[in-house]
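J.: All I have is the shape, not the residue letters:
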Ligand SMILES: Cc1ncc(COP(=O)(O)O)c(C=O)c1O
(Lines give C-alpha, C1' and ligand atoms only; values in the text may rest on other atoms or scores of the structure.)
Protein backbone atom coordinates (compact mmCIF):
# COMPACT_ATOMS: atom_id res chain seq x y z
CA UNK A 1 0.00 0.00 0.00
CA UNK A 2 2.55 2.57 -1.08
CA UNK A 3 -0.29 4.82 -2.25
CA UNK A 4 -0.73 6.49 1.11
CA UNK A 5 2.91 7.35 1.54
CA UNK A 6 3.63 8.70 -1.93
CA UNK A 7 1.26 11.60 -2.01
CA UNK A 8 2.68 15.09 -1.98
CA UNK A 9 6.13 16.32 -1.08
CA UNK A 10 5.94 15.47 2.60
CA UNK A 11 5.17 11.82 1.98
CA UNK A 12 8.59 11.10 0.47
CA UNK A 13 10.43 8.49 2.50
CA UNK A 14 13.97 7.29 2.02
CA UNK A 15 13.03 3.89 3.36
CA UNK A 16 11.40 2.97 0.03
CA UNK A 17 14.62 1.60 -1.43
CA UNK A 18 15.79 -1.95 -0.81
CA UNK A 19 19.12 -0.61 0.32
CA UNK A 20 17.57 1.38 3.14
CA UNK A 21 15.34 -1.54 4.10
CA UNK A 22 18.47 -3.61 4.61
CA UNK A 23 19.80 -1.35 7.35
CA UNK A 24 16.51 -1.17 9.21
CA UNK A 25 16.45 -3.25 12.33
CA UNK A 26 13.73 -5.69 13.15
CA UNK A 27 14.07 -5.50 16.95
CA UNK A 28 12.48 -8.89 17.53
CA UNK A 29 14.71 -10.56 14.98
CA UNK A 30 17.87 -8.87 16.14
CA UNK A 31 17.20 -9.57 19.81
CA UNK A 32 16.45 -13.17 19.02
CA UNK A 33 19.84 -13.42 17.32
CA UNK A 34 21.66 -12.07 20.38
CA UNK A 35 19.70 -13.38 23.38
CA UNK A 36 21.94 -11.77 26.00
CA UNK A 37 20.96 -8.33 24.71
CA UNK A 38 17.40 -8.99 25.82
CA UNK A 39 18.54 -8.45 29.37
CA UNK A 40 20.22 -5.10 28.76
CA UNK A 41 17.77 -2.21 28.28
CA UNK A 42 20.47 0.01 26.75
CA UNK A 43 21.20 -2.62 24.10
CA UNK A 44 17.50 -3.11 23.42
CA UNK A 45 17.04 0.64 22.91
CA UNK A 46 19.98 0.73 20.49
CA UNK A 47 18.31 -2.08 18.56
CA UNK A 48 14.99 -0.33 18.07
CA UNK A 49 14.16 0.78 14.58
CA UNK A 50 15.62 4.22 14.04
CA UNK A 51 13.40 6.56 12.04
CA UNK A 52 15.20 8.89 9.63
CA UNK A 53 14.02 12.42 8.94
CA UNK A 54 12.07 12.99 5.76
CA UNK A 55 15.20 14.34 3.98
CA UNK A 56 17.43 11.66 5.43
CA UNK A 57 18.11 13.60 8.59
CA UNK A 58 19.73 11.65 11.42
CA UNK A 59 16.78 12.65 13.58
CA UNK A 60 13.28 11.67 12.61
CA UNK A 61 10.92 14.38 11.41
CA UNK A 62 8.18 15.52 13.75
CA UNK A 63 4.79 14.46 12.43
CA UNK A 64 2.89 17.43 13.76
CA UNK A 65 -0.36 16.68 11.92
CA UNK A 66 -3.53 16.17 13.90
CA UNK A 67 -5.11 14.36 10.96
CA UNK A 68 -3.89 12.29 7.99
CA UNK A 69 -5.04 12.18 4.42
CA UNK A 70 -5.91 9.10 2.37
CA UNK A 71 -5.49 8.71 -1.38
CA UNK A 72 -8.65 6.67 -1.84
CA UNK A 73 -11.92 6.89 0.11
CA UNK A 74 -11.91 3.10 0.52
CA UNK A 75 -8.72 3.37 2.62
CA UNK A 76 -10.58 5.44 5.23
CA UNK A 77 -13.25 2.76 5.62
CA UNK A 78 -10.58 0.08 5.98
CA UNK A 79 -8.70 2.08 8.61
CA UNK A 80 -11.84 2.55 10.68
CA UNK A 81 -12.67 -1.14 10.28
CA UNK A 82 -9.25 -1.92 11.79
CA UNK A 83 -7.91 -3.56 8.62
CA UNK A 84 -5.16 -0.97 8.14
CA UNK A 85 -3.22 0.46 11.06
CA UNK A 86 0.00 2.07 12.21
CA UNK A 87 1.92 -1.20 11.91
CA UNK A 88 1.60 -0.65 8.16
CA UNK A 89 2.02 3.12 8.35
CA UNK A 90 -1.67 4.02 8.16
CA UNK A 91 -2.67 6.77 10.54
CA UNK A 92 -6.12 8.24 11.15
CA UNK A 93 -5.91 11.01 13.72
CA UNK A 94 -3.32 11.91 16.34
CA UNK A 95 -5.51 11.23 19.38
CA UNK A 96 -5.31 7.69 18.06
CA UNK A 97 -1.79 6.79 16.86
CA UNK A 98 0.73 9.45 15.81
CA UNK A 99 4.00 8.39 14.09
CA UNK A 100 6.27 10.49 16.33
CA UNK A 101 4.56 9.32 19.51
CA UNK A 102 4.78 5.78 18.16
CA UNK A 103 8.52 6.20 17.65
CA UNK A 104 8.98 7.19 21.30
CA UNK A 105 6.67 4.35 22.29
CA UNK A 106 8.92 1.87 20.46
CA UNK A 107 11.85 3.15 22.51
CA UNK A 108 9.81 2.71 25.69
CA UNK A 109 8.87 -0.86 24.71
CA UNK A 110 12.56 -1.60 24.13
CA UNK A 111 13.50 -0.02 27.46
CA UNK A 112 11.04 -2.23 29.30
CA UNK A 113 11.34 -5.33 27.12
CA UNK A 114 7.65 -5.41 26.26
CA UNK A 115 6.08 -6.18 22.89
CA UNK A 116 4.44 -2.76 22.71
CA UNK A 117 4.03 0.56 24.48
CA UNK A 118 2.17 3.79 24.05
CA UNK A 119 2.92 7.19 25.52
CA UNK A 120 0.48 9.51 27.21
CA UNK A 121 0.27 13.08 28.45
CA UNK A 122 1.18 12.19 32.06
CA UNK A 123 2.10 9.31 34.32
CA UNK A 124 -1.29 9.52 36.02
CA UNK A 125 -3.11 9.27 32.69
CA UNK A 126 -1.09 6.15 31.84
CA UNK A 127 -2.01 4.59 35.21
CA UNK A 128 -5.70 5.59 34.96
CA UNK A 129 -6.02 4.40 31.38
CA UNK A 130 -4.47 1.00 31.99
CA UNK A 131 -6.58 0.37 35.10
CA UNK A 132 -9.77 1.43 33.39
CA UNK A 133 -8.94 -0.85 30.46
CA UNK A 134 -8.24 -3.87 32.64
CA UNK A 135 -11.07 -3.37 35.13
CA UNK A 136 -14.85 -3.15 34.99
CA UNK A 137 -17.43 -2.05 37.53
CA UNK A 138 -17.42 -4.44 40.49
CA UNK A 139 -13.83 -5.56 39.99
CA UNK A 140 -11.22 -5.51 42.70
CA UNK A 141 -7.52 -4.59 42.89
CA UNK A 142 -4.86 -5.71 45.35
CA UNK A 143 -2.31 -2.92 45.64
CA UNK A 144 0.67 -1.96 47.72
CA UNK A 145 -0.19 0.41 50.54
CA UNK A 146 2.96 2.38 49.75
CA UNK A 147 2.31 4.10 46.46
CA UNK A 148 2.72 7.56 44.99
CA UNK A 149 0.00 9.69 46.69
CA UNK A 150 -1.87 10.33 43.43
CA UNK A 151 -2.09 6.63 42.60
CA UNK A 152 -3.16 5.88 46.16
CA UNK A 153 -5.93 8.49 45.92
CA UNK A 154 -7.03 7.14 42.54
CA UNK A 155 -7.43 3.63 43.95
CA UNK A 156 -8.71 4.58 47.41
CA UNK A 157 -11.16 7.33 46.48
CA UNK A 158 -11.67 8.08 42.80
CA UNK A 159 -12.19 4.62 41.30
CA UNK A 160 -14.60 3.40 44.02
CA UNK A 161 -16.72 6.57 43.60
CA UNK A 162 -16.75 6.78 39.83
CA UNK A 163 -16.44 3.17 38.70
CA UNK A 164 -17.30 0.84 41.60
CA UNK A 165 -13.74 -0.52 41.45
CA UNK A 166 -12.38 -1.27 44.92
CA UNK A 167 -8.87 -1.87 46.24
CA UNK A 168 -7.37 -3.74 49.16
CA UNK A 169 -4.09 -2.18 50.22
CA UNK A 170 -1.47 -4.59 51.50
CA UNK A 171 2.12 -4.75 52.66
CA UNK A 172 3.59 -5.85 49.34
CA UNK A 173 6.56 -7.36 51.18
CA UNK A 174 4.21 -9.77 52.95
CA UNK A 175 3.55 -12.33 50.22
CA UNK A 176 1.08 -14.27 52.37
CA UNK A 177 -1.00 -11.15 52.93
CA UNK A 178 -0.95 -10.41 49.20
CA UNK A 179 -2.22 -13.90 48.40
CA UNK A 180 -4.86 -13.76 51.13
CA UNK A 181 -6.36 -10.52 49.82
CA UNK A 182 -6.91 -11.88 46.31
CA UNK A 183 -10.58 -12.73 45.84
CA UNK A 184 -10.88 -15.28 43.08
CA UNK A 185 -13.14 -14.17 40.28
CA UNK A 186 -13.26 -10.58 41.59
CA UNK A 187 -9.63 -9.44 41.88
CA UNK A 188 -8.28 -8.67 38.44
CA UNK A 189 -5.14 -6.60 39.01
CA UNK A 190 -2.13 -6.73 41.31
CA UNK A 191 -0.58 -3.25 41.41
CA UNK A 192 2.66 -2.05 43.00
CA UNK A 193 5.74 0.09 42.47
CA UNK A 194 9.03 -1.66 41.72
CA UNK A 195 10.67 0.62 44.30
CA UNK A 196 8.06 2.40 46.39
CA UNK A 197 7.48 6.12 46.56
CA UNK A 198 8.67 7.44 48.96
CA UNK A 199 9.88 4.69 51.31
CA UNK A 200 12.14 2.88 48.80
CA UNK A 201 10.83 -0.57 49.67
CA UNK A 202 11.78 -3.00 46.91
CA UNK A 203 9.11 -5.35 45.57
CA UNK A 204 9.86 -9.02 45.03
CA UNK A 205 8.66 -8.76 41.44
CA UNK A 206 9.16 -12.41 40.38
CA UNK A 207 7.37 -13.80 43.46
CA UNK A 208 4.54 -11.28 43.27
CA UNK A 209 4.07 -12.14 39.58
CA UNK A 210 4.01 -15.84 40.41
CA UNK A 211 1.29 -15.28 43.03
CA UNK A 212 -0.73 -12.96 40.78
CA UNK A 213 -0.49 -15.17 37.72
CA UNK A 214 -1.46 -18.30 39.66
CA UNK A 215 -4.75 -16.52 40.41
CA UNK A 216 -5.21 -15.17 36.88
CA UNK A 217 -4.40 -11.53 37.71
CA UNK A 218 -2.73 -8.96 35.51
CA UNK A 219 0.36 -7.63 37.27
CA UNK A 220 0.92 -3.91 36.74
CA UNK A 221 4.18 -2.37 38.00
CA UNK A 222 5.07 1.31 38.20
CA UNK A 223 8.78 1.58 37.37
CA UNK A 224 9.06 5.38 37.59
CA UNK A 225 11.82 5.28 40.25
CA UNK A 226 14.04 2.75 38.50
CA UNK A 227 14.11 2.93 34.68
CA UNK A 228 17.12 0.95 33.37
CA UNK A 229 17.89 -0.25 36.91
CA UNK A 230 14.99 -2.70 37.11
CA UNK A 231 13.07 -4.31 34.25
CA UNK A 232 9.78 -5.51 35.77
CA UNK A 233 8.47 -7.08 32.54
CA UNK A 234 11.68 -9.08 32.16
CA UNK A 235 11.05 -10.26 35.73
CA UNK A 236 7.50 -11.40 34.94
CA UNK A 237 5.20 -8.34 35.08
CA UNK A 238 2.50 -8.02 32.44
CA UNK A 239 2.38 -4.24 32.29
CA UNK A 240 4.88 -1.55 33.25
CA UNK A 241 3.74 2.04 33.71
CA UNK A 242 5.94 5.11 33.86
CA UNK A 243 5.81 8.73 34.76
CA UNK A 244 8.17 9.86 32.00
CA UNK A 245 8.11 13.27 33.72
CA UNK A 246 10.89 11.99 36.01
CA UNK A 247 14.20 10.26 35.17
CA UNK A 248 13.28 9.44 31.57
CA UNK A 249 12.69 13.10 30.73
CA UNK A 250 15.50 14.23 33.02
CA UNK A 251 14.82 17.92 32.46
CA UNK A 252 11.95 18.56 34.89
CA UNK A 253 10.29 20.37 32.01
CA UNK A 254 7.80 17.84 30.61
CA UNK A 255 4.84 15.93 32.02
CA UNK A 256 4.43 12.58 30.26
CA UNK A 257 3.74 8.90 30.82
CA UNK A 258 3.73 5.49 29.19
CA UNK A 259 2.06 2.11 29.30
CA UNK A 260 4.37 -0.74 28.27
CA UNK A 261 2.84 -4.18 27.78
CA UNK A 262 1.56 -6.80 25.39
CA UNK A 263 0.44 -5.63 21.93
CA UNK A 264 -3.05 -6.92 22.62
CA UNK A 265 -3.45 -4.65 25.65
CA UNK A 266 -1.93 -1.58 23.97
CA UNK A 267 -4.09 -2.07 20.90
CA UNK A 268 -7.19 -2.54 23.05
CA UNK A 269 -6.44 0.78 24.76
CA UNK A 270 -6.44 2.45 21.33
CA UNK A 271 -9.62 0.72 20.15
CA UNK A 272 -12.01 3.16 18.50
CA UNK A 273 -15.00 1.85 20.45
CA UNK A 274 -13.61 0.49 23.72
CA UNK A 275 -10.13 1.94 24.17
CA UNK A 276 -9.40 3.96 27.30
CA UNK A 277 -6.62 5.98 25.68
CA UNK A 278 -8.57 6.62 22.50
CA UNK A 279 -11.78 7.57 24.30
CA UNK A 280 -10.48 9.41 27.37
CA UNK A 281 -7.88 11.08 25.19
CA UNK A 282 -4.77 11.79 27.30
CA UNK A 283 -2.78 12.26 24.13
CA UNK A 284 0.91 13.09 23.97
CA UNK A 285 1.82 15.96 21.69
CA UNK A 286 4.11 14.91 18.81
CA UNK A 287 6.55 17.75 19.57
CA UNK A 288 6.86 16.51 23.14
CA UNK A 289 7.36 12.95 21.89
CA UNK A 290 10.18 14.12 19.66
CA UNK A 291 11.90 15.97 22.52
CA UNK A 292 11.68 12.91 24.73
CA UNK A 293 12.88 10.52 22.03
CA UNK A 294 16.09 12.58 21.84
CA UNK A 295 16.69 12.02 25.57
CA UNK A 296 16.21 8.24 25.69
CA UNK A 297 19.62 7.44 24.14
CA UNK A 298 21.43 9.04 27.10
CA UNK A 299 19.06 7.78 29.80
CA UNK A 300 21.47 4.95 30.53
CA UNK A 301 24.38 7.35 31.15
CA UNK A 302 22.25 9.64 33.29
CA UNK A 303 20.89 6.77 35.39
CA UNK A 304 24.38 5.44 36.05
CA UNK A 305 25.49 8.81 37.42
CA UNK A 306 22.29 9.34 39.47
CA UNK A 307 22.88 5.88 40.97
CA UNK A 308 26.60 6.36 41.60
CA UNK A 309 26.07 9.63 43.44
CA UNK A 310 23.09 8.39 45.45
CA UNK A 311 25.10 5.35 46.57
CA UNK A 312 28.08 7.45 47.59
CA UNK A 313 25.97 10.04 49.43
CA UNK A 314 23.97 7.33 51.21
CA UNK A 315 27.19 5.70 52.39
CA UNK A 316 28.64 9.00 53.63
CA UNK A 317 25.36 10.11 55.27
CA UNK A 318 25.19 6.84 57.16
CA UNK A 319 28.79 7.22 58.24
CA UNK A 320 27.93 10.72 59.47
CA UNK A 321 25.35 9.09 61.78
CA UNK A 322 22.23 10.04 59.84
CA UNK A 323 19.23 7.76 59.44
CA UNK A 324 19.36 7.06 55.74
CA UNK A 325 17.28 4.71 53.62
CA UNK A 326 18.88 3.48 50.40
CA UNK A 327 18.42 0.03 48.84
CA UNK A 328 22.12 -0.07 47.98
CA UNK A 329 23.11 -0.05 51.65
CA UNK A 330 23.61 -3.53 53.10
CA UNK A 331 21.32 -2.70 56.04
CA UNK A 332 18.33 -1.96 53.76
CA UNK A 333 15.77 -4.74 54.36
CA UNK A 334 15.57 -5.62 50.66
CA UNK A 335 19.22 -5.03 49.75
CA UNK A 336 19.90 -8.66 48.84
CA UNK A 337 16.62 -8.95 46.97
CA UNK A 338 17.34 -5.85 44.90
CA UNK A 339 20.85 -7.08 44.21
CA UNK A 340 19.35 -10.21 42.71
CA UNK A 341 16.92 -8.26 40.49
CA UNK A 342 18.88 -5.29 39.09
CA UNK A 343 20.35 -4.97 35.63
CA UNK A 344 24.11 -4.92 35.86
CA UNK A 345 26.05 -1.64 35.93
CA UNK A 346 23.23 0.60 37.18
CA UNK A 347 23.43 0.13 40.93
CA UNK A 348 20.43 0.67 43.18
CA UNK A 349 18.70 3.80 41.91
CA UNK A 350 19.03 7.55 42.24
CA UNK A 351 16.65 8.05 45.17
CA UNK A 352 17.43 8.07 48.87
CA UNK A 353 15.54 9.06 52.00
CA UNK A 354 16.73 10.76 55.15
CA UNK A 355 14.59 10.35 58.23
CA UNK A 356 15.01 13.48 60.31
CA UNK A 357 12.47 12.35 62.94
CA UNK A 358 10.30 15.46 62.85
CA UNK A 359 8.94 17.63 60.07
CA UNK A 360 10.49 20.64 61.77
CA UNK A 361 14.01 19.21 61.55
CA UNK A 362 13.43 18.03 58.01
CA UNK A 363 12.31 21.52 56.98
CA UNK A 364 15.24 23.15 58.75
CA UNK A 365 17.74 20.97 56.92
CA UNK A 366 16.10 21.40 53.51
CA UNK A 367 15.94 25.16 54.01
CA UNK A 368 19.71 25.33 54.62
CA UNK A 369 20.47 22.87 51.82
CA UNK A 370 18.64 25.05 49.32
CA UNK A 371 19.03 28.60 50.59
CA UNK A 372 22.45 28.58 52.23
CA UNK A 373 24.69 25.87 50.82
CA UNK A 374 22.99 25.37 47.43
CA UNK A 375 23.04 21.60 47.60
CA UNK A 376 19.66 21.19 45.90
CA UNK A 377 16.11 22.42 45.50
CA UNK A 378 13.07 22.02 47.71
CA UNK A 379 10.70 20.67 45.12
CA UNK A 380 8.58 17.62 44.46
CA UNK A 381 9.30 15.29 41.55
CA UNK A 382 12.51 13.47 40.74
CA UNK A 383 14.99 12.53 38.08
CA UNK A 384 16.36 16.03 37.50
CA UNK A 385 20.06 16.87 37.17
CA UNK A 386 19.78 19.04 40.29
CA UNK A 387 19.04 17.30 43.58
CA UNK A 388 15.36 17.65 44.50
CA UNK A 389 14.16 17.31 48.09
CA UNK A 390 10.72 17.13 49.63
CA UNK A 391 9.20 16.12 52.92
CA UNK A 392 6.94 13.36 51.59
CA UNK A 393 4.37 13.27 54.39
CA UNK A 394 3.34 16.88 53.83
CA UNK A 395 3.76 16.90 50.03
CA UNK A 396 3.58 14.02 47.56
CA UNK A 397 1.98 11.67 50.07
CA UNK A 398 -0.30 14.25 51.69
CA UNK A 399 -3.28 12.60 49.95
CA UNK A 400 -2.93 9.82 52.54
CA UNK A 401 -4.34 10.26 56.05
CA UNK A 402 -2.20 9.91 59.18
CA UNK A 403 -2.99 6.24 59.67
CA UNK A 404 -2.34 5.40 56.01
CA UNK A 405 1.00 7.18 56.18
CA UNK A 406 1.94 5.34 59.36
CA UNK A 407 1.06 1.99 57.80
CA UNK A 408 3.03 2.92 54.69
CA UNK A 409 6.06 3.77 56.83
CA UNK A 410 6.08 7.47 55.92
CA UNK A 411 7.36 9.24 59.02
CA UNK A 412 6.71 13.00 59.39
CA UNK A 413 10.45 13.80 59.11
CA UNK A 414 11.11 11.75 55.99
CA UNK A 415 12.98 13.72 53.34
CA UNK A 416 12.86 12.11 49.91
CA UNK A 417 15.88 13.05 47.85
CA UNK A 418 16.34 12.60 44.13
CA UNK A 419 20.10 12.83 43.76
CA UNK A 420 21.26 14.94 40.84
CA UNK A 421 24.51 14.88 38.94
CA UNK A 422 25.24 18.58 38.41
CA UNK A 423 28.64 19.77 39.68
CA UNK A 424 31.21 17.46 41.14
CA UNK A 425 30.44 14.85 43.73
CA UNK A 426 32.89 16.36 46.23
CA UNK A 427 31.52 19.88 45.70
CA UNK A 428 28.00 18.65 46.42
CA UNK A 429 29.07 16.58 49.43
CA UNK A 430 30.82 19.54 50.99
CA UNK A 431 27.60 21.58 50.56
CA UNK A 432 25.72 18.82 52.34
CA UNK A 433 28.25 18.58 55.16
CA UNK A 434 28.13 22.34 55.73
CA UNK A 435 24.33 22.22 56.02
CA UNK A 436 24.39 19.31 58.44
CA UNK A 437 26.83 21.17 60.64
CA UNK A 438 24.34 24.04 60.89
CA UNK A 439 21.42 21.90 62.10
CA UNK A 440 21.42 21.30 65.85
CA UNK A 441 20.14 18.15 67.49
CA UNK A 442 20.05 15.95 64.43
CA UNK A 443 18.56 12.51 64.85
CA UNK A 444 21.40 10.06 64.68
CA UNK A 445 20.81 6.42 63.95
C1 LIG B 1 5.87 6.65 41.24
C2 LIG B 1 5.02 7.64 40.50
N3 LIG B 1 4.10 7.22 39.63
C4 LIG B 1 3.31 8.07 38.95
C5 LIG B 1 3.41 9.43 39.12
C6 LIG B 1 2.51 10.35 38.35
O7 LIG B 1 3.18 10.86 37.26
P8 LIG B 1 2.83 12.26 36.53
O9 LIG B 1 3.14 13.35 37.48
O10 LIG B 1 3.71 12.24 35.32
O11 LIG B 1 1.38 12.21 36.19
C12 LIG B 1 4.36 9.93 40.00
C13 LIG B 1 4.48 11.39 40.20
O14 LIG B 1 5.14 11.87 41.10
C15 LIG B 1 5.20 9.02 40.71
O16 LIG B 1 6.14 9.44 41.58
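T.: Everything's here; your move. Just so we're clear, the structure is a prediction, and the values are computed from it rather than from any experiment.

J.: which stretches of the stretch 151-300 of the chain form helices?
T.: 159-163, 175-181, 205-214, 263-269, 276-280, 286-293, 299-319 (DSSP state H, counting those that start in this stretch).

J.: Now the last one: buried residues?
T.: Of the residues in helix 299-319, those buried by neighbour count under the rule 16 or more other CB atoms under 10 Å are 299-300, 302-314, 317-318. (Each C-beta comes from the backbone N, C-alpha and C, glycine too.)

J.: Output the contacting helices and strands for that helix.
T.: Applying 3 or more CB pairs under 8 Å, 6 or more residues apart in numbering; DSSP states H and E, we find helix 299-319 packed against helix 41-46, strand 324-325, strand 351-355, helix 425-438.

J.: Quick one: closest of these to the ligand.
T.: With CB to the nearest ligand atom as the criterion, the ligand lies closest to strand 351-355 of those, at 9.8 Å.

J.: ok, then the element right after the closest one?
T.: Next helix or strand after strand 351-355 toward the C-terminus (DSSP states H and E): helix 359-371.

J.: what does the model give the nearest residue to residue 112 once chain neighbours are set aside for pLDDT?
T.: The shortest distance from residue 112 to any non-neighbouring residue, by CB to CB, 6 or more residues apart in numbering, is to residue 260 (4.0 Å). Looking at residue 260, its pLDDT stands at 98.

J.: Equivalent analysis for residue 400, please.
T.: On pLDDT, residue 400 comes in at 79.

J.: Give the helix, strand or coil label for it.
T.: The three-state label given to residue 400 by DSSP: H, G, I helix; E, B strand; the rest coil is coil.

J.: Which residue does this protein have closest to the ligand?
T.: residue 123 (2.4 Å).

J.: Using CSV, please lay out the helices of the stretch 151-300 of the chain together with mean pLDDT and distance to the ligand.
T.: Formatted as CSV, the helices of the stretch 151-300 of the chain follow (pLDDT from 0 to 100; distance: least, CB to the nearest ligand atom, whole Å):
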stretch, mean pLDDT, distance to the ligand
helix 159-163, 98, 15
helix 175-181, 98, 19
helix 205-214, 98, 15
helix 263-269, 97, 17
helix 276-280, 98, 14
helix 286-293, 98, 12
helix 299-319, 98, 15
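
J.: could the helices and strands packed on helix 299-319 be laid out in JSON lines, adding mean neighbour count?
T.: Converted to JSON lines, the helices and strands packed on helix 299-319 look like this (neighbours: other CB atoms under 10 Å):
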{"stretch": "helix 41-46", "mean neighbour count": "20"}
{"stretch": "strand 324-325", "mean neighbour count": "23"}
{"stretch": "strand 351-355", "mean neighbour count": "24"}
{"stretch": "helix 425-438", "mean neighbour count": "16"}
